[in-house]
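In: got a predicted model here, sequence first, then my questions.
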Amino acid sequence: MTDDSSAPRDESESASTATPVIADATTAEGVFDIPSCMPAEALYNCDILTPEEYNAATNTGAQLIQLVSEMLRTVDESIRESENKGENLLSMNEGLSLSVPADYQVATEVPPERPIIQLAVKHAPEQYCGLPSELADDSQRSSSSNSAASFRGFPDKFPESIRETLPPEADPFAIREGMTLAWKDVNLTVKGRGKILDRRILQNVWGEVPKKETTAIMGSSGAGKTSLMNVLSGRTASGGNVQVKANITLDNVPADPTKIGVRQMIAFVAQDDSLQVTATPREAIRFSAKLRLGRSLTDDQLDIMTQCMLHELGLVACADTIVGGPLIKGISGGERKRTSVGVELVVKPAMLFLDEPTSGLDSFSAVQLCQLLKKVARVGASVMFTIHQPSSRIFREFDQLILLNKGRVMYQGPVSTIADYFGARGHPCPRNYNPADWIMKVAQKVPIQELEEAGFFPKDERKATVTNEVDTSELLILRNQSIPQAKEKPPTMTTEISMLVWRELVHIRRAKSVTVARIIQTIVLASVIGLIFFDVGNAPNDSVSNLQGHFGAIIMVATIIMMGPAQAALLSFPDERPVFLREYSTKHYSVSSYFLSRLSIEAMMGALQSLLTTLICYFAIDFRGSFINYYGACFTLAMGSTAIAVILGAAAGSSSKIATAALPLVLLPQMLFVGYFVSPELIPVWLRWIQYICPMTYATRILLVAEFQTCEESFLSQIYCQSLLDNTGADPDEVLWYWCILIGQFVVFRLIALAILHKSAQRFY
Ligand SMILES: Nc1ncnc2c1ncn2[C@@H]1O[C@H](COP(=O)(O)OP(=O)(O)OP(=O)(O)O)[C@@H](O)[C@H]1O
């Protein structure tokens, strides 16, 4: 046992299955960890070490050698079997084949040639997720011309040869023109109330995210990492008790990220993933690519690109499982996070911000993701992310680091110089200690004053990029025109709407229970009303009770028609708001496309619910008017009331509870103005106007005219019917107007909802 017990160990890594596997292989403790982790993970992590580290480790890691040798022996047996059958192919899982050199030898100890290790990794069935048959064919072709040495990278790495067939606009790793985001004097203050003092969350924060580099923001919990990220990406601005001041430039052009034009240039992966719960990772990534990459790509190219992204993110195994959410079980939290990353990466962003992208990921996936982000940076993007407790392996991957301490910049600069920086200020990182843990320990344990005296918290000594401080609450800088816009040939509005409608239909199909509950509710309510008012339409209208029953049936049917579809429409906006805001702010589609897609879905569901209700009630109650007239009035009423619900839903923002509470307040009082409980003539004059803005008024008048215009011939019936029409204000000569007003109300309410939605979509906060 060669454990250097005198040296402080890297605490965060001791139990890890990633890089430290090698280091721990020198100890009895660590050796037992190896078989318990995924062999492919351990081997993969061997692969990412330098050859020197690797050889040093294998000299001492006896059990690791045994493990690798066993895997190689398995591979070798497979080869022998193939050779006995006259084949020279090692058949891999799911149809991917790999050619193996004829002079292949069994390795009895860990070979220094890394490709052989990778071959073993590829062979690990737990990790190998397979390719669809059409891609497998291609990869077979390409691999047959290569030796085993050509296999490098992740267990489910996408074949390079296929990726290379993609045009640059479809290649998620194509070279792009990045942008440098720089900022200074960023201040965020939460104003206190009463005895509570103001709180400075960010204090004169400065820094930059250079293109082609990865910048990590670190700091203890509450240091202001997310707040800084939100200010820089326009997700926080002055308002209420929050005051934000910042000078921000994009390639030296002053820019206000709260403006949608600037925000749309920053791909942002938030801490809480806002993905469509019933979409799969494959669908989510393809949806993003299809809507954001314009019209130049074919469906095949989109498919390959999506598959490539799934491979890069290690999502192949769960590519067709739904994302899920709080109420529906889906993929894991880490997979969800990686899906969110894929959704943004697929459009080759020039700037990519991620809030804690590695949280919820195991150490292997975290390394994998950091390397991917580095790859994105190297092709031109500026990548910035917040991160908690990175392992030393991950820490070494960053280019730049911003260390925040209580809202102030404690360090800002290259990761490579941080050890010297801390050393020069009296806090050298101990040997074998994870530098990330060390700097966090110093930041948390040493008092601020002592740190200041030691020379931490450097001043911004860069050449000033913006001379005057500008308040983001007023109009900040807007020279967006000079900043190039990403999407050149956006998809047509029809494509946007059809993609959104399709996604919603898939959602309805997958969230079956909700749809089924809605339909059952409609059928049960309609049946109850049909039974209670059974055949009352057929009864002569020559008595008050018959007349009352007949009129009551119309009111009840109109009421359930008004409430049912509206309830579902009401919740759709608050529920979908996070997804809508993310997608709108990242240029997936326009507000109008989203709005029209929602309208199409509501029209479909409204038509179905109205049809079920009218079919049951019309025949059970035996209404006298024509079925078409009856169904038309009910459907138009349903659409009018959904339009009101949409206004409430759009205005309520993310608060579905407020919208739910407000809906009955707006819809139910409409029953009071149709003349059933009280004649409109008896309502106080200053309240009487309300009847004219209620869709229910006009829908009921259409139905009343249809039911009572042609009454039985008896004198009493004629008198009763006529007086009912008079009392309710239903005039047979005005029916055409009633239709026009009902449809007009629907259009006006919808336009109001669109305006509200458009306004609320401009702001995240
Ligand atoms: N709008 C706000 N109102 C009140 N307090 C706020 C507001 N925004 C941020 N804060 C406070 O500012 C501090 C920094 O929050 P922030 O989310 O930026 O921290 P963080 O470094 O990202 O922490 P963590 O790593 O735990 O996510 C926290 O104490 C938070 O409560």
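Out: Noted; the coordinates are in hand. Numbers count the residues shown, from 1 in each chain.

In: wait, isn't Ala643 in contact with Leu754?
Out: No: with contact defined as C-beta atoms under 8 Å, Ala643 does not count as touching Leu754 (10.0 Å). (Glycine included, C-beta is placed from N, CA and C.)

In: of those two, who's got more company?
Out: Ala643 (24 against 20; other C-beta atoms under 10 Å).

In: tell me what the helix or strand in which that one is found is packed against?
Out: Ala643 is part of helix 627-651 when elements are defined by DSSP states H and E. Using 3 or more C-beta pairs under 8 Å, 6 or more residues apart in numbering; DSSP states H and E, the elements in contact with helix 627-651 are helix 544-585, helix 591-621, helix 656-667, helix 695-708, helix 735-761.

In: and the stretch 101-250 of the chain, which of its residues are near the ligand?
Out: The stretch 101-250 of the chain has residues 190, 201, 219, 221-227, 242 near the ligand, with proximity defined as C-beta under 6 Å from any ligand atom.

In: same question for the chain.
Out: Selection of the chain residues close to the ligand by C-beta under 6 Å from any ligand atom yields 190, 201, 219, 221-227, 242.

In: from these, pick the one nearest Thr495.
Out: Thr226 (34.7 Å; C-beta to C-beta).

In: ok, and the closest non-adjacent residue to the closest one?
Out: Of all residues beyond its chain neighbours, the one nearest Thr226 is Asp355 (5.7 Å), with distances taken as C-beta to C-beta, 6 or more residues apart in numbering.

In: and the one you found, what is it in contact with?
Out: Taking C-beta atoms under 8 Å, 6 or more residues apart in numbering as the criterion, Asp355 is in contact with 225-226, 229, 268-271, 385-386.

In: at 6 Å instead, please
Out: Applying C-beta atoms under 6 Å, 6 or more residues apart in numbering, one finds that Asp355 lies in contact with 226, 229, 270-271, 386.

In: which of the residues of the stretch 101-250 of the chain next to the ligand fall within helices?
Out: In helices, judged by DSSP state H, the following of these are found: 225-227.

In: tabulate those (a markdown table), appending distance to Thr697.
Out: Putting those into a markdown table (distance: C-beta to C-beta, whole Å) gives the following:
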| residue | distance to Thr697 |
| --- | --- |
| Lys225 | 55 |
| Thr226 | 50 |
| Ser227 | 50 |
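
In: mind listing what the nearest residue to Val579 once chain neighbours are set aside touches?
Out: The spatial neighbour of Val579 that comes closest, neighbours along the chain excluded (C-beta to C-beta, 6+ apart), is Ser274 at 5.0 Å. Contacts for Ser274 (C-beta under 6 Å, 6+ apart) come out as 578-579, 582.

In: got a PyMOL select line for the buried ones in these?
Out: Buried residues within the contacts of Ser274, by 16 or more other C-beta atoms under 10 Å, are selected in PyMOL with:
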select buried, resi 578+579+582
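
In: now render the contacts of Ser274 as CSV, adding pLDDT.
Out: CSV is the format used below for these (pLDDT from 0 to 100):
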residue, pLDDT
Pro578, 85
Val579, 89
Arg582, 86
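
In: quick one: contacts for Gly330?
Out: With the criterion set at C-beta under 6 Å, 6+ apart, Gly330 makes contact with 322-324.

In: out of those, the closest to Asp622 would be?
Out: Proximity of the contacts of Gly330 to Asp622 was ranked by C-beta to C-beta; the top entry is Ile322 with 45.5 Å.

In: secondary structure element holding Tyr411?
Out: Using DSSP H and E, Tyr411 sits within strand 408-414.

In: what separation do you get for the residue nearest to Thr226 and Val409?
Out: With the distance defined as C-beta to C-beta, to the nearest Å, Asp355 ends up 18 Å from Val409.

In: check Ala730 too.
Out: Summarising the geometry, the distance separating Ala730 from Val409, computed by C-beta to C-beta, is 72 Å.

In: got it, and Asp535?
Out: With C-beta to C-beta as the criterion, Asp535 and Val409 are 79 Å apart.

In: so these two - more neighbours on which side?
Out: Neighbour tally, Asp535 and Val409, criterion other C-beta under 10 Å: the higher count belongs to Val409, 26 against 12.

In: just say helix, strand or coil for the closest residue to the more buried one other than its chain neighbours.
Out: Beyond its immediate neighbours in the sequence, the residue positioned closest to Val409 (C-beta to C-beta, 6+ apart) is Val205, lying 5.6 Å away. Secondary structure for Val205, judged by DSSP: H, G, I helix; E, B strand; the rest coil, is strand.

In: just confirm Val205 contacts Lys184, I think it does.
Out: No: with the criterion set as C-beta atoms under 6 Å, Val205 and Lys184 do not qualify as a contacting pair; they are 8.0 Å apart.

In: skipping adjacent residues, who's closest to Met556 in space?
Out: Closest residue in space to Met556, ignoring its immediate chain neighbours: Ile529 at 5.0 Å, by C-beta to C-beta, 6+ apart.

In: surely that neighbour is in a strand?
Out: No: going by three-state DSSP, the assignment for Ile529 is helix, not a strand.

In: show me where pLDDT drops low in the chain?
Out: 1-161, 163-164, 463-489, 654, 763-765 (pLDDT under 70).

In: according to the record, where do the domains of it fall?
Out: With automatic domain parsing as the criterion, the domains of the chain are listed as 11-156, 166-265+382-466, 493-761.

In: please, where are all the strands along the stretch 151-300 of the chain?
Out: Counting by DSSP state E, counting those that start in this stretch, the stretch 151-300 of the chain forms strands over residues 181-190, 199-209, 214-219, 242-250, 253-254, 266-269, given from the N-terminal end onward.

In: now these as a markdown table including mean neighbour count and distance to Met556?
Out: Conversion of those to a markdown table gives the following (neighbours: other C-beta atoms under 10 Å; distance: least, C-beta to C-beta, whole Å):
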| stretch | mean neighbour count | distance to Met556 |
| --- | --- | --- |
| strand 181-190 | 21 | 52 |
| strand 199-209 | 20 | 55 |
| strand 214-219 | 26 | 60 |
| strand 242-250 | 22 | 49 |
| strand 253-254 | 18 | 62 |
| strand 266-269 | 25 | 49 |
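
In: as CSV, those strands with distance to Lys512 would be great.
Out: CSV is the format used below for the strands of the stretch 151-300 of the chain (distance: least, C-beta to C-beta, whole Å):
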stretch, distance to Lys512
strand 181-190, 44
strand 199-209, 44
strand 214-219, 42
strand 242-250, 42
strand 253-254, 50
strand 266-269, 30
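
In: tell me which of the ones you listed sits nearest to Thr660.
Out: Distances from Thr660 to each of the strands of the stretch 151-300 of the chain were compared by C-beta to C-beta, and the smallest falls on strand 242-250, at 27.6 Å.

In: and the angle from the closest one to strand 199-209?
Out: Here the directions of strand 242-250 and strand 199-209 differ by 10 degrees (axes from the mean of the first three to the mean of the last three C-alpha atoms, to 10 degrees).

In: now do the SS call for the nearest residue to Gly330 once chain neighbours are set aside.
Out: Across the structure, with C-beta to C-beta, 6+ apart as the measure, the residue nearest Gly330 apart from its sequence neighbours is Gly324 (1.8 Å). Here Gly324 is recorded as coil under three-state DSSP.

In: lovely, talk soon.
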